[in-house]
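Trainee: Need a 3D model of the following:
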Amino acid sequence: MFKQHVSGIVLALAIILAGFLFNPFTAGAEEFHWGFKKATNGEPPDAGAALNTLLDDYGAIYKGKPDEKIVYLTFDNGYENGYTESILDTLKKEEVPATFFLTGHYLKSATPLVKRMIKEGHGIGNHTYDHPNLTTVSVKRMEEEWTRFDKLLHELTGVKRTVYTRPPEGVFNEKVLAKGNELGYRHIFWSIAFIDWHKDKPRGRDYAYNELMTQLHPGAVILMHTVSPDNAQALPSFIQDAKKAGYTFHTLDDLVMEHENIHSFFR
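Mentor: Okay, here's the model as predicted:
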């Protein structure tokens, strides 16, 4: 299986770094919906100067280095639709790590799959407990969404807490980023995505495969959903062909350490 990381050390570093990144001034209420022009020709997308600065201020990440053929696989799981097991089978066969951003509903309804993710070395991300628009809730509710998820995760699996979070539907503002940092979370967005969340509207294996390969770029943070068969069917060929093109698959721990220039600390 792929390289295991010293999770305790990484967790501690992530929390410490997040604490340093927290900005004490009053966060703005402007609402952002994450998205940008898709990557083409191996060139990473760019969120623009204003968003890049905002994300940097709070240690949020959406892509890795543009000169290294590294891919970071992430999946958002709001509910189970029968395809996650196939995805896990593929990841195991190809020895590729991933991070699964889960909701409270998923923790409760698909506990055996969550335990399998952890057992096989994958990361668990915090996609909030009830999947609300975090920009419309109180700061207290925002905190409860993250901490309630972590409490249930710990009860069901023994994992103490998460350190990576992703706002539902990619909707956020400065207040969300700031509160997350205060609580020890780092926000992980994405640089590759496509419409794949309609469980009853599959578009076929080739659709997902072509989207992934067309948008592929060095440092890609890929977001996929597990509710459609398209991704499960396309994943084996995508991983194999990305490897043939010289790409390797790393964890979000690697991405964070690269971002903070601390990866050499472990070597």
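
Trainee: now the strands for this structure?
Mentor: 32-33, 70-77, 99-102, 123-126, 164-165, 171-172, 186-187, 220-225, 248-250 (DSSP state E).

Trainee: just checking, what packs against the second one?
Mentor: Meaning strand 70-77. Applying 3 or more CB pairs under 8 Å, 6 or more residues apart in numbering; DSSP states H and E, one finds that strand 70-77 makes contact with helix 84-94, strand 99-102, strand 220-225, strand 248-250, helix 252-259. Every C-beta, even on glycine, is put in place using the N, C-alpha and C of the backbone.

Trainee: which stretches of the chain form helices?
Mentor: Taking DSSP state H to define them, one finds helices in the chain at 7-21, 49-57, 84-94, 104-109, 111-119, 139-157, 174-182, 205-215, 229-244, 252-259.

Trainee: buried sites along the longest one?
Mentor: Translated: helix 139-157. Neighbour-count burial for helix 139-157 flags 142, 144-146, 149-150, 152-153, 157 (criterion: 16 or more other CB atoms under 10 Å).

Trainee: quick one on the thing from earlier: and of the helices of the chain, who's closest to G64?
Mentor: Taking CB to CB, helix 252-259 is the member of the helices of the chain nearest to G64, at 5.4 Å.

Trainee: tell me what that closest one is packed against?
Mentor: Right, helix 252-259 is packed against helix 7-21, strand 70-77, strand 123-126 by 3+ CB pairs under 8 Å, 6+ apart.

Trainee: distance of K69 from Q240?
Mentor: For K69, the distance to Q240 (CB to CB, to the nearest Å) stands at 15 Å.

Trainee: Who has more neighbours out of the two?
Mentor: Taking other CB atoms under 10 Å, K69 and Q240 do not tie; K69 has more neighbours (18 against 12).

Trainee: in the sheet, who's paired with the most centrally placed residue in the chain?
Mentor: By CA atoms, centre = their mean, the chain has its centre lying nearest to T74, at 4.6 Å. For T74, the beta-bridge partners under DSSP bridges are T99, L223.

Trainee: wait, doesn't it sit right on S191?
Mentor: No - contact criterion CB atoms under 8 Å: T74 and S191 do not qualify, at 10.6 Å.

Trainee: Common neighbours of those two, please.
Mentor: By CB atoms under 8 Å, 6 or more residues apart in numbering, T74 and S191 have these common neighbours: 221-222.

Trainee: What sits closest to Y72 if chain neighbours are left out?
Mentor: Spatially, and ignoring its direct neighbours in sequence, Y72 is nearest to V221 (4.7 Å; CB to CB, 6 or more residues apart in numbering).

Trainee: can you check H259 too?
Mentor: Using CB to CB, 6+ apart and skipping residues adjacent in sequence, the residue nearest H259 is I61, 5.5 Å away.

Trainee: In contact with the one you found, which residues?
Mentor: When contacts are counted by CB under 8 Å, 6+ apart, I61 touches 55, 186-189, 221, 255-256, 259.

Trainee: if we go to 10 Å?
Mentor: Each residue near I61 by CB atoms under 10 Å, 6 or more residues apart in numbering is listed here: 55, 72, 164, 186-191, 219, 221, 252, 255-256, 258-260.

Trainee: Show the buried residues in these.
Mentor: Buried, going by 16+ other CB under 10 Å: 55, 72, 164, 186-191, 219, 221, 252, 255-256, 258-259, out of those.

Trainee: which one of those is nearest V96?
Mentor: Closest approach to V96 among the buried ones among the contacts of I61 (CB to CB): Y72, at 10.4 Å.
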